[in-house]
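Participant: With the input below, show me the fold.
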Amino acid sequence: MIDTKTARTWSKAGMVISLGGLVWTGMGRGCVNRQWHTWAGIALVGFSVWHYNVYNPPSLKALKHTRKS
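Facilitator: Just a heads-up that it's a prediction; the model follows:
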């Protein structure tokens, strides 16, 4: 497992790189650019979720199901 500071750095770097790729492929034309554009968008969403979870880890309280008997 990596430490929090490294995870924050890597998640930010991944977001920057995938956003740059998304912009670059969005300006291009052709089928290959369209495929790369789709994958860059998926990567941006993935890195954004990772970035959110690094800064705001899910609490165990929210994950537990409470059952009233």
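Participant: Any idea which residue is closest to the centre of the protein?
Facilitator: Phe47 (1.6 Å; C-alpha atoms, centre = their mean).
Participant: Pull up the gap between Ile17 and Ala40, please.
Facilitator: Separation of Ile17 from Ala40 (C-beta to C-beta, to the nearest Å) stands at 9 Å. Every residue, glycine included, has its C-beta placed from N, CA and C.
Participant: Looking at those two, which one has more neighbours?
Facilitator: Shown here are Ile17 and Ala40; by other C-beta atoms under 10 Å, Ala40 has more neighbours (21 against 14).
Participant: residue contacts, the more buried one?
Facilitator: Contact partners of Ala40, counting by C-beta atoms under 8 Å, 6 or more residues apart in numbering, are 18, 21-22, 25.
Participant: now with 10 Å?
Facilitator: By C-beta atoms under 10 Å, 6 or more residues apart in numbering, Ala40 lies in contact with 17-26, 33.
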